[in-house]
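Peer 1: Okay, predicted coordinates and the sequence, questions at the end:
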Amino acid sequence: MRKKTLIYIPNGLNSPEFEILLSATQKSIDNKDDVNVLICKGGKNFFCSKNIYSIKYLCNSCNQKKLIGLNKLKGKFKLSYLPDINKIEKKLKLNFAKAFNYKYKNVDNGLSAYSSYVDLTRDRDLDGFIMNYSMNGLINTSNFLTDFFKKYLKKNYIQEVVCFNGRNNNYRPLVRVAKSFGIKVHNLEFNGDRNQTFDFEDNMPFDQKYIAKRINYFWKREKNKKIYLINKFCKKWSTQTLKHKDVFKVNQDPNLLPRKWDSRKKNIVFFCNSEDESLTGGKDYFFQVFKNQTEAIEYLYKLTKKDYKKLALWIRMHPRMTGLEWPFLKNLLALKNKYQDLNLILPRSRISSYKMIHNADVILTPISTLSVESVYYKKPVINFQKNPFTILNGAYIPKTRQQLRNLIFKKKLSPKSILASKKFLLFYLDGGSLSKGLNGNINTGFFYKGLKIKFNLYGKFNYIIGKILEKFYTNFVNYYLYKL
């Protein structure tokens, strides 16, 4: 009897997500599975991470692109669509705490909706003027999908599920429901630095203990450890010729340090992260010791000012922290007005993050991949949020302000574990697998079976209209009217 496999492809707009799911579908077809491909047709009340305001033009463009990709598949499979969502059942008055705590039939649909919403808006604290409209639509979609999958998986006797990432509101209900039924799940994720596809099974890609366990297992299993990949990766990143320019639109000078940098002092560098990203991982990613990084920076400023002749504190804002100034960003920028001598380096600055790492004595950050790279460069790192790297013992994570103080003032603070940084980096560079038929990279784009899946004229028109409405109407209203 053939294995009944569900491949869930609700989104055709994300690349290489779409191409990876097409590859997984073709693999199941080639394995002679009974393949069921389930796609989304969108509609008035369907809210997802690529369409958080349910704009019909974006649904139209997404559907058109999905059909182009599906036509590349060879072999037999059953194609079906998610049913329409007739109405929004519940209209909740939401805030940050309510969203994080909201569950529907034991599925964390509040957090999955939050993930979808902040991916686009950057509204970490849910301050937006039409936030409730979007968040209620996202939660309603998740609730609808939860009920749908509870029936669908049983009715169709599904034995295996394949989906992507699982973080957002259109995916997470499937992962959670399938896991509760004991169905085998392949929750796929991607690392673009070496085109590695990971199967995180029925876990989320931010599940700290699971990820740390996978990293340790990979390190022990691999007898031929390709350390040269780590060296090549870190060398490439330290020159900042790729992602900083192409993705973040920041042109840092690899040799530029702040003008007042004094190597005779103990230089402490705080790398800000984009809190809206890390908090989508849930309560496990809440800050330790401080409420947020603004509070942490203010404390560190006062602490180091007591011995300013020997200590220098530098605050480097992440390139992604540019753009709209939601309160969590404005509060950080306001520190410069409050403390005129605070060394705050703005997101667009040409000052090199990596040059600072190489010359720093201590690195601090809530959570960042820079933590891993800094330890690789034999620098001590202090984190303020738990993460897989701290579980691997790669970075210090103080439990109290006194512990933090002791670490800062220690005469010579050593890196926690250089081995942990190697484990972490090698896993993401070589711990996955290559998706058959997937070619390309993060700079040139991705291809499936030699085809770059593009919009036709109809799809392109709908996408442009949809993004104009999203950016210059809904997002504009959401951001600017909340101030009034």
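Peer 2: Cool, the structure landed.

Peer 1: Number of residues surrounding Thr444?
Peer 2: Neighbour count of Thr444, defined by other C-beta atoms under 10 Å: 9. The C-beta positions use only the backbone N, C-alpha and C, and glycine is treated the same way.

Peer 1: if I look at it, how far off is Asn195?
Peer 2: Distance, Thr444 to Asn195, by C-beta to C-beta, to the nearest Å: 12 Å.

Peer 1: quick one: low-confidence parts of the stretch 351-484 of the chain?
Peer 2: Scanning the stretch 351-484 of the chain for pLDDT under 70 picks out 484.

Peer 1: Start from the N-terminal end of it and give the helices.
Peer 2: Applying DSSP state H, counting those that start in this stretch to the stretch 351-484 of the chain gives helices spanning 353-359, 369-376, 388-391, 401-409, 418-430, 457-469, 475-480.

Peer 1: For Leu333, which non-adjacent residue is closest in space?
Peer 2: Glu325 (7.0 Å; C-beta to C-beta, 6 or more residues apart in numbering).

Peer 1: Which pLDDT value belongs to that neighbour?
Peer 2: Note on Glu325: pLDDT of 76.

Peer 1: For it, give its distance to Ile397.
Peer 2: According to C-beta to C-beta, Glu325 and Ile397 sit 29 Å apart.

Peer 1: residue ranges with poor pLDDT in the stretch 151-300 of the chain?
Peer 2: 237-250.

Peer 1: just to revisit the earlier point, so Glu325 and Ile397 - more neighbours on which side?
Peer 2: Neighbours were counted for Glu325 and for Ile397 using other C-beta under 10 Å; Ile397 has more, 22 against 15.

Peer 1: so how far is Tyr480 from Ala97?
Peer 2: If you measure Ala97 against Tyr480 using C-beta to C-beta, the figure is 25 Å.

Peer 1: To clarify, my last question referred to Asn187.
Peer 2: From Asn187 across to Tyr480, the span is 37 Å (C-beta to C-beta).

Peer 1: More neighbours: those two, which one.
Peer 2: Asn187 (25 against 12).

Peer 1: Verify the stated contact: the more buried one with Asn203.
Peer 2: Yes: proximity of Asn187 to Asn203 meets the contact threshold set by C-beta atoms under 8 Å, at 6.7 Å.

Peer 1: The top helix by length along the chain - contacts with which helices or strands?
Peer 2: The longest helix of the chain (DSSP state H) is helix 131-155. With contacts taken as 3 or more C-beta pairs under 8 Å, 6 or more residues apart in numbering; DSSP states H and E, helix 131-155 sits against helix 109-121, helix 172-180.

Peer 1: Which strands or helices does the last one pack on?
Peer 2: If I follow you right, that is helix 172-180. If contacts are counted by 3+ C-beta pairs under 8 Å, 6+ apart, helix 172-180 sits against helix 109-121, helix 131-155, strand 160-164, strand 184-191.

Peer 1: Show the backbone phi and psi for the residue nearest the centre of the chain.
Peer 2: The residue lying closest to the centre of the chain (C-alpha atoms, centre = their mean) is Glu277, at 5.8 Å. Here is the backbone geometry of Glu277 (degrees, to the nearest 10): phi -70, psi -50.

Peer 1: gap between the spatially closest residue to Gln196 that is not a sequence neighbour and Asp84?
Peer 2: Excluding its sequence neighbours, the residue lying closest to Gln196 (C-beta to C-beta, 6+ apart) is Gly432, at 3.3 Å. Counting by C-beta to C-beta, the gap from Gly432 to Asp84 is 36 Å.

Peer 1: the more surrounded of those two?
Peer 2: It is Gly432, of Gly432 and Asp84, that has more neighbours when counted by other C-beta under 10 Å, with 20 against 12.

Peer 1: buried sites along stretch 44-60?
Peer 2: 45-60 (16 or more other C-beta atoms under 10 Å).

Peer 1: From those, pick the one nearest Tyr285.
Peer 2: Nearest to Tyr285, judged by C-beta to C-beta, of the buried residues of stretch 44-60 is Ser49 at 18.3 Å.

Peer 1: For the closest one, grab phi and psi.
Peer 2: Main-chain torsions, Ser49, degrees, to the nearest 10: phi -60, psi -20.

Peer 1: ok, it - contacts?
Peer 2: Asn11, Ser115, Ser116, Asp119, Leu120, Asn168, Asn169, Asn170 (C-beta atoms under 8 Å, 6 or more residues apart in numbering).

Peer 1: Throw these into a markdown table and include neighbour count and distance to Val162, thanks.
Peer 2: What follows is those, written out as a markdown table (neighbours: other C-beta atoms under 10 Å; distance: C-beta to C-beta, whole Å):
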| residue | neighbour count | distance to Val162 |
| --- | --- | --- |
| Asn11 | 23 | 14 |
| Ser115 | 27 | 20 |
| Ser116 | 29 | 20 |
| Asp119 | 16 | 22 |
| Leu120 | 18 | 25 |
| Asn168 | 25 | 16 |
| Asn169 | 28 | 19 |
| Asn170 | 26 | 15 |
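
Peer 1: Return the member of those nearest to Asn106.
Peer 2: Asn169 (15.9 Å).

Peer 1: how would you label that closest one: helix, strand or coil?
Peer 2: The assignment at Asn169 comes out as coil when based on DSSP: H, G, I helix; E, B strand; the rest coil.
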